[in-house]
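Engineer: pasting the structure only:
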Ligand code: ARG
């Protein structure tokens, strides 16, 4: 007999059961479902909807469910449909219907599933936040070593202007810090209490929704019952934050792939983060980066999956909403694995700074600098300077030369009426001097990059503090609930009543 079986006169077919159950997905939320139930039962007792004597067997059996689950002795049964029915059935079988049957007063699976999911997602967001924060720290550590390591900066994957490896690494840190912020915003959206909305309309029983908000450590109570049980935008927003992060992962993954080619040779992967070939003995393949790049599509798919589930759903709970969890769970798994492996890959990778220096000098990356010099020193219009330098570059290319041939460069400039002494020309065309000169706000000069690196480090520290505060808030709420449940279980009902009155 199903807990909802009163109006039915037949069992479900095995197919119907199999089609509708959500045990595998729900299995991640068992402890969350129990915590939500403890908080709800305590609230019912505080509001005298159930008595403190009723509370005792409920709390005792919920605690047994938790212990059994943690020791592998409480396995969810598919025929009981979902985690909620499994926990409630466990309770009713243990405590008897007389007591266990009271837990679901003023509660629906519609608000219950949202509590479970929000509690679980909260944790997952914090884990993802921590993993991303470690990746950002890796970039900042690379930056610290390389404020004066020059390399080509690229546009269109063509040499553009000299930059430093620190400038490149801090760009990734800066970008990923925004992803970290997006996780925090998603967390705020997730960390609100839906419990007490019931099926869709609230309840005529005298509940106090603030009590469960406090016991579950939510930042606030979500109000509109019908909106709450219908909405899943907190899931699409989280999926977007993860998708954007994966898009950004794919960019560093791509650079790892081609920087480690024979042709680029700017980076060598540690042997622990590269794979070999079954036939070609010489191969060392960047499979970790390629798989990161390859898994991005899964997470975009997860986002689109969820958006599509929501499209056209009428207001109210619809069973389609059960499909919200598989894409989000999968997206968390993928994103966390990628963040973790990228950190390992990057902190063990070897950067070839000689090769970077060689490349940056070889291919006219200081042409813009030469044009800027002419603007500043000769007071020519930039377009004029662009044309002169363009002509010099074109003719050097024709004769298979580059700026390293100072004599040839000098004489081509003279043809345009520009006479520069070799010493000045050397300095203008030197990538390191070019970097030192780029002192505009946010530019490549070591002073600017050191400043930005320090700011990013500070930012990271404050986000780490915010994450720890969030973890402590959860822990504190858990302890508050435990304090009450421990008093109830040890039958110190007066003490329990006093703690409940203080809520
Ligand atoms: N497994 C369901 C879900 O994830 C739980 C809520 C069921 N609600 C209902 N009215 N049948 O959405």
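Structural biologist: Cool, the structure landed. All figures in this text were calculated on a predicted structure; none of them were measured in a lab. Numbers count the residues shown, from 1 in each chain.

Engineer: residue in the stretch 201-350 of the chain nearest to the ligand?
Structural biologist: Minimum separation of the stretch 201-350 of the chain from the ligand (C-beta to the nearest ligand atom) falls at residue 322, amounting to 3.6 Å. For glycine as for every other residue, the C-beta is placed from the backbone atoms N, C-alpha and C.

Engineer: how many other residues sit next to the nearest residue to that residue once chain neighbours are set aside?
Structural biologist: By the measure of C-beta to C-beta, 6 or more residues apart in numbering, the closest residue to residue 322 outside its immediate chain neighbours is residue 22, 5.5 Å from it. The tally of other residues near residue 22 (other C-beta atoms under 10 Å) stands at 20.

Engineer: tell me the confidence at residue 1?
Structural biologist: Looking at residue 1, its pLDDT is 77.

Engineer: enumerate every residue touching it.
Structural biologist: Residue 1 makes no contacts at all, as judged by C-beta atoms under 8 Å, 6 or more residues apart in numbering.

Engineer: if we can go back for a sec, quick one: the residue nearest to residue 322 and residue 324 touch, right?
Structural biologist: No: in terms of C-beta atoms under 8 Å, residue 22 does not count as a neighbour of residue 324; the distance is 10.4 Å.

Engineer: the residue of the stretch 201-350 of the chain closest to the ligand reaches residue 19, doesn't it?
Structural biologist: No: using C-beta under 8 Å, residue 322 is not in contact with residue 19, being 11.1 Å away.

Engineer: just want to know which of the two has more residues nearby.
Structural biologist: Neighbour count, other C-beta under 10 Å: between residue 322 and residue 19, residue 322 has more, with 18 against 9.

Engineer: can you get me a residue count around the residue in the stretch 151-300 of the chain positioned nearest to the ligand?
Structural biologist: Here the stretch 151-300 of the chain gets closest to the ligand at one residue, residue 199, 7.1 Å apart by C-beta to the nearest ligand atom. Look at residue 199: counted by other C-beta under 10 Å, it has 16 neighbours.

Engineer: and what of residue 449?
Structural biologist: Here the number of neighbours of residue 449 (other C-beta under 10 Å) works out to 27.

Engineer: and the one 5 residues further on, by the same measure?
Structural biologist: By other C-beta under 10 Å, 12 other residues sit near residue 454.

Engineer: which ones are touching the residue of the stretch 151-300 of the chain closest to the ligand?
Structural biologist: Residue 199 neighbours (C-beta under 8 Å, 6+ apart): 108, 110-111, 229, 317.

Engineer: make it 10 Å
Structural biologist: The neighbourhood of residue 199, defined by C-beta atoms under 10 Å, 6 or more residues apart in numbering, consists of 107-111, 225-226, 229, 316-317.

Engineer: quick check on residue 317: phi, psi?
Structural biologist: Note on residue 317: backbone dihedrals following degrees, to the nearest 10 are phi -80, psi 130.

Engineer: wait, doesn't it sit right on residue 200?
Structural biologist: Yes: the pair residue 317 / residue 200 is scored as a contact, 6.3 Å apart, by C-beta atoms under 10 Å.

Engineer: who has more neighbours, these two?
Structural biologist: A side-by-side neighbour count of residue 317 and residue 200, using other C-beta under 10 Å, places residue 317 first with 21 against 17.

Engineer: from the ligand, how far out is the closest residue in space to that one that isn't next to it in sequence?
Structural biologist: Across the structure, with C-beta to C-beta, 6+ apart as the measure, the residue nearest residue 317 apart from its sequence neighbours is residue 110 (4.4 Å). From residue 110 over to the ligand the distance is 5 Å, taken as C-beta to the nearest ligand atom, to the nearest Å.

Engineer: just confirm residue 110 is within a helix.
Structural biologist: Yes: secondary structure of residue 110 (DSSP: H, G, I helix; E, B strand; the rest coil): part of a helix.

Engineer: could we number from 20 for the rest of this?
Structural biologist: With 20 as the first residue, the last one maps to residue 129.

Engineer: which residues touch it?
Structural biologist: Contact criterion C-beta under 10 Å, 6+ apart gives 213, 216-219, 244, 247-249, 335-336, 340 as the residues in contact with residue 129.

Engineer: about what we covered before: any residues in contact with both of residue 336 and residue 219?
Structural biologist: Counting by C-beta under 10 Å, 6+ apart, the common neighbours of residue 336 and residue 219 are 127, 129-130, 245, 247-249.

Engineer: follow-up on the earlier one: show me how to select, in PyMOL, the buried members of the contacts of residue 218.
Structural biologist: In PyMOL syntax, the buried subset of the contacts of residue 218 is picked out as below (16 or more other C-beta atoms under 10 Å):
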select buried, resi 126+127+128+129+130+244+248+336
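
Engineer: of the contacts of residue 218, which is the nearest to residue 454?
Structural biologist: Of all these, residue 248 has the smallest distance to residue 454: 57.2 Å, by C-beta to C-beta.

Engineer: isn't that closest one right next to residue 132, touching?
Structural biologist: Yes: at 9.1 Å, residue 248 and residue 132 qualify as touching, with contact defined as C-beta under 10 Å.

Engineer: common neighbours of these two, please.
Structural biologist: Taking C-beta under 10 Å, 6+ apart as the criterion, residue 248 and residue 132 both touch 213, 336, 340.
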